[in-house]
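1. Here is my input; please provide its structure:
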Amino acid sequence: DEEHSSSKFRMCWTGRLDPMASGLMVFLLGSQCVHREMWQRLSKRYRFKLLLGVTTDTYDSFGLVSQCDPDVVKDFSSIEPALDDAFASVRGEVDQTYPPYSSMTGINASGFR
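-> Okay, the predicted model is just below:
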């Protein structure tokens with residue numbers, strides 16, 4: 001979401017990678033910078049691992065544990081319906097808020113620049 005210019009060329013990138021993520025970071029040069037939003041709208045695929053029953057202050061595994069429920073999944077035969085219920089609220093297009101610690105430009109969720 002950033003753009004820099006110099007007397008030689010313009011360059012922009014189309015997003016940021018989470019610290020634990022791997023993948024492509026797409027850079028655009030020169031006149032291609034006008035196509036940044038097109039690249040951002042492309043569909044994406046995610047593979048992930050879940051740690052169920054744990055909440056942290058940063059919303060990821062790097063944070064301090066603020067809540068732990070070891071009984072969240074007692075019977076793994078019930079995990080599929082439990083996951084369907086948990087993900088029902090985030091299917092489709094979702095507006096996400098930035099976590100307390102993020103690479104958001106401007107003022108982050110903690111109020112710091």
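2. Where do the strands of the chain begin and end?
-> Remark: strands assigned in the chain by DSSP state E are 3-5, 10-13, 27-29, 54-56, 65-68.
3. Quick one: closest of the ones you listed to E93.
-> Proximity to E93 (CB to CB) singles out strand 10-13 among the strands of the chain, at 23.1 Å. Heads up, the C-betas are built off the backbone N, CA and C, glycines and all.
4. Identify the residues contacting the residue nearest the centre of the chain.
-> Residue closest to the average C-alpha location in the chain (CA atoms, centre = their mean): D18, at 6.0 Å. By CB atoms under 8 Å, 6 or more residues apart in numbering, the residues touching D18 are D60.
5. In this protein, spot the helix with the most residues.
-> Counting residues, the longest helix found in the chain (DSSP state H) is helix 79-87.
6. what about that helix, distance to the chain center?
-> Averaging C-alpha positions (CA atoms, centre = their mean, to the nearest Å) puts helix 79-87 21 Å from its chain's average.
7. now stretch 54-70
-> For stretch 54-70, the distance to the chain centre is 16 Å (CA atoms, centre = their mean).
8. Could I get the buried residue list for that stretch?
-> By 16 or more other CB atoms under 10 Å, the buried positions in stretch 54-70 come out as T56.
9. Can you name the residues in contact with it?
-> The contact list for stretch 54-70, computed with CB under 8 Å, 6+ apart, reads D18, P19, M20, L51, G53, P99, P100, Y101.
10. Keeping just the C-alphas, turn that stretch into PDB.
-> Extracted in PDB, the C-alpha atoms of stretch 54-70 (Å, rounded to 0.1, in the frame of the first residue of the first chain):
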ATOM      1  CA  VAL A  54      -6.300 -19.700  23.300                       C
ATOM      2  CA  THR A  55      -6.600 -15.900  23.100                       C
ATOM      3  CA  THR A  56      -3.600 -13.500  23.100                       C
ATOM      4  CA  ASP A  57      -3.200  -9.800  23.400                       C
ATOM      5  CA  THR A  58      -1.900  -9.600  19.800                       C
ATOM      6  CA  TYR A  59      -4.500 -12.000  18.200                       C
ATOM      7  CA  ASP A  60      -1.600 -14.300  17.100                       C
ATOM      8  CA  SER A  61       0.800 -16.800  18.600                       C
ATOM      9  CA  PHE A  62       3.400 -14.200  19.400                       C
ATOM     10  CA  GLY A  63       1.300 -12.400  22.100                       C
ATOM     11  CA  LEU A  64       0.800 -13.000  25.800                       C
ATOM     12  CA  VAL A  65      -1.900 -15.500  26.500                       C
ATOM     13  CA  SER A  66      -4.900 -13.700  28.000                       C
ATOM     14  CA  GLN A  67      -7.400 -16.500  28.000                       C
ATOM     15  CA  CYS A  68      -7.100 -20.300  27.800                       C
ATOM     16  CA  ASP A  69      -9.800 -22.900  27.500                       C
ATOM     17  CA  PRO A  70      -8.300 -26.400  27.400                       C
END
